[in-house]
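Chemist: Fold the stuff below for me.
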Amino acid sequence: MDLFSMRDFDGHERVVFGHDEVTGLRAIIAIHSTALGPAAGGCRMWPFATTAEAVTDVLRLSRGMSFKNALAGLPFGGGKAVIIAEPRQAKTAELFQAYGELVQSLGGTYITAEDVGTTTADMEQVSRATQFVSGLGRKPGEAGGDPAPKTALGVFLGLEAAVKFRMGVRTWKGCGSPYRVLVAWATICVDCWRLREWNCGWRTFERHLPCALLKSSGRVWCL
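Modeler: A predicted model of the protein is given here:
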């Protein structure tokens with residue numbers, strides 16, 4: 001694998017491989033750009049089949065974060081991390097602390113957070129080894145916490161806007177079948193982002209579309 005010749009390398013500033021034999025940590029941190037500030041992006045924990053697959057994923061995600069942070073007007077560059085492991089089996093406090101030490105070694109050029117396969121509880125363990133971590137549990141009035149509800153809402157609203165644009169409408173009144181298609185897509189988004197695990201997350205969606213919620217099945221159905 002020639003990292004520099006990979007299509008997804010795209011001028012990354014830094015790609016760091018971390019391994020800790022004691023905890024079993026195998027991690028990759030990619031920093032695409034620090035032009036606007038320290039690179040910020042979550043840490044994905046996933047059982048990649050090969051190292052090459054993990055590298056491709058982290059490069060693509062890191063580059064995407066450069067654009068997302070810039071478009072949002074945030075003073076951050078783009079970065080991302082992956083831990084090569086099965087999140088349902090390999091999680092330990094020691095592993096995440098070892099990952100935190102890897103983040104700390106970058107001197108603040110990368111700020112990590114949770115992503116697919118990681119949680120606020122995992123980031124609390126990471127914070128024991130580095131201050132360059134966000135997405136921690138929060139107190140009332142503080143920023144932070146689980147970003148998944150906002151991410152899911154963003155995906156949902158994006159689908160809603162795309163369908164409205166395609167149909168040339170501003171409201172759902174009288175839309176019939178296409179409306180039901182959107183609700184079906186919302187079901188997919190909900191499942192992907194674990195909304196069934198949240199006590200209040202469903203209400204966010206309920207405010208935007210007249211849907212009935214069946215919490216027991218984790219599905220959204222049109223009234």
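
Chemist: so where is the protein shaky, pLDDT-wise?
Modeler: Scanning the chain with the threshold set as pLDDT under 70 gives 140-143, 163, 167, 172-223.

Chemist: for it, what spans make up the strands?
Modeler: Ranges of strands in the chain, per DSSP state E, are 14-20, 25-33, 39-40, 43-46, 77-84, 110-111, 211-214, 219-222.

Chemist: of those strands, which approaches Val103 most closely?
Modeler: Closest to Val103 of the strands of the chain is strand 110-111 (Cβ to Cβ; 6.2 Å). The way it works is simple: take the backbone N, C-alpha and C, and place the C-beta from them, glycine included.

Chemist: What strands line up against that closest one, and which way round?
Modeler: Strand pairing for strand 110-111, determined by DSSP bridges: strand 39-40 (parallel).

Chemist: so what are the domain limits for the protein?
Modeler: The chain breaks down into these domains under automatic domain parsing: 3-126, 148-222.

Chemist: Pipe the ones you listed into a markdown table and attach mean neighbour count and distance to Phe132 per row.
Modeler: As requested, those are exported to a markdown table (neighbours: other Cβ atoms under 10 Å; distance: least, Cβ to Cβ, whole Å):
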| stretch | mean neighbour count | distance to Phe132 |
| --- | --- | --- |
| domain 3-126 | 19 | 5 |
| domain 148-222 | 14 | 21 |
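
Chemist: Out of the ones you listed, which gets nearest to Ser134?
Modeler: It's domain 3-126; of those, that one is closest to Ser134 (Cβ to Cβ) at 4.6 Å.

Chemist: residue nearest the centroid of this protein?
Modeler: Asp115 (3.7 Å; Cα atoms, centre = their mean).

Chemist: residues contacting that residue?
Modeler: Shown in contact with Asp115 (Cβ atoms under 8 Å, 6 or more residues apart in numbering): Gly41, Gly42, Cys43, Arg44, Met45, Lys80.

Chemist: picking up where we left off before, format the strands of the chain as a markdown table; extra columns: distance to Gly100.
Modeler: Shown next, in a markdown table, are these (distance: least, Cβ to Cβ, whole Å):
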| stretch | distance to Gly100 |
| --- | --- |
| strand 14-20 | 11 |
| strand 25-33 | 10 |
| strand 39-40 | 16 |
| strand 43-46 | 10 |
| strand 77-84 | 11 |
| strand 110-111 | 12 |
| strand 211-214 | 37 |
| strand 219-222 | 37 |
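
Chemist: I'd like the domains of the chain as TSV, with distance to Val133 appended.
Modeler: TSV is the format used below for those (distance: least, Cβ to Cβ, whole Å):
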stretch	distance to Val133
domain 3-126	5
domain 148-222	16
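
Chemist: Which residue, other than its chain neighbours, is closest to Phe76?
Modeler: Computed as Cβ to Cβ, 6 or more residues apart in numbering, the closest residue to Phe76 that is not its neighbour in sequence is Ala40, at 4.0 Å.

Chemist: partner residues bridging the one you found?
Modeler: Gly78, Ile111.

Chemist: Surely it is in contact with Val133?
Modeler: No. Checked against Cβ atoms under 8 Å, the pair Ala40 and Val133 is beyond contact range at 10.4 Å.

Chemist: so what sits against both of those two?
Modeler: Residues within reach of Ala40 and of Val133 at once, by Cβ under 8 Å, 6+ apart, are Ile111, Ala113.

Chemist: quick one, what contacts the nearest residue to Leu95 once chain neighbours are set aside?
Modeler: Once flanking residues are discounted, Leu95 sits nearest to Thr23: 4.3 Å by Cβ to Cβ, 6+ apart. Counting by Cβ under 8 Å, 6+ apart, Thr23 touches Thr92, Glu94, Leu95, Gln97, Ala98.
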